[in-house]
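let's see this in three dimensions:
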Amino acid sequence: MDGMILVYVVCANVDEARRISRYLLEQRLAACTNMFPIESAYWWEGKIVEDNEVVLIVKTVEANFDKVKQAVLQQHSYSVPAIFSIPVGHVEERYSKWLCGEVR
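Predicted coordinates:
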């Protein structure tokens, strides 16, 4: 299996993040997820918007990115959700083995 990545997803609220997280875990597309409340500021439809959102960090392998992206797009409430991968340079060997054993 190829290297570990983190998939960064911004969700509208904690309920959406939990729903997407549960789906990804049930489908074995992720070994683990983390959720963090954040304050966001961004351009949307010609205006600066300030909002409370939730970041969902998905721990998976590079080969799963497209499947994770498609699953998130199907379940997400935003028309243009932030979904991108972050490569992980070094992973403790036992954690890497565990992660690779938990995903398909």
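
OK, contacts around the closest residue to residue 75 other than its chain neighbours?
Nearest non-adjacent residue to residue 75, counting by C-beta to C-beta, 6 or more residues apart in numbering: residue 20, 5.1 Å away. In short, each C-beta sits where N, CA and C put it, glycine included. Residue 20 is in contact with 9, 11, 56, 71-72, 75-76, counting by C-beta atoms under 8 Å, 6 or more residues apart in numbering.

can you do 10 Å?
9, 11, 30, 33, 35, 54, 56, 58, 68, 71-72, 74-77, 81 (C-beta atoms under 10 Å, 6 or more residues apart in numbering).

buried ones in stretch 96-104?
Neighbour counts over stretch 96-104 (16 or more other C-beta atoms under 10 Å) mark 96, 99-100, 103 as buried.

in helices, which of these appear?
Those of those mapping onto helices are 96, 99-100, per DSSP state H.

in the chain, which strand has the most residues?
strand 47-61 (DSSP state E).

any idea which helix or strand comes after that strand?
Heading C-terminal from strand 47-61, the first helix or strand you meet, by DSSP states H and E, is helix 65-75.

need the contact partners of that following helix.
5, 7, 9, 11, 16, 19-20, 22-24, 27-30, 56, 58, 60-61, 64, 78, 81-85, 103-104.

okay, buried residues for it please.
Buried residues in helix 65-75 (16+ other C-beta under 10 Å): 65, 67-69, 71-72.

and which of those is nearest to residue 90?
residue 65 (19.3 Å; C-beta to C-beta).

quick check: residue 25 is in a helix.
Yes. According to DSSP: H, G, I helix; E, B strand; the rest coil, residue 25 belongs to a helix.

and it, what's its pLDDT?
pLDDT for residue 25: 98.

quick check, nearest of the buried residues of helix 65-75 to residue 44?
residue 72 (18.9 Å).

TSV for the ones in helices among the buried residues of stretch 96-104, including distance to residue 42 and pLDDT?
Below are those laid out as TSV (distance: C-beta to C-beta, whole Å; pLDDT from 0 to 100):
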residue	distance to residue 42	pLDDT
96	34	93
99	31	95
100	35	93
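
dump the residues you listed into a markdown table; add distance to residue 39 as well.
Formatted as a markdown table, those follow (distance: C-beta to C-beta, whole Å):
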| residue | distance to residue 39 |
| --- | --- |
| 96 | 33 |
| 99 | 30 |
| 100 | 34 |
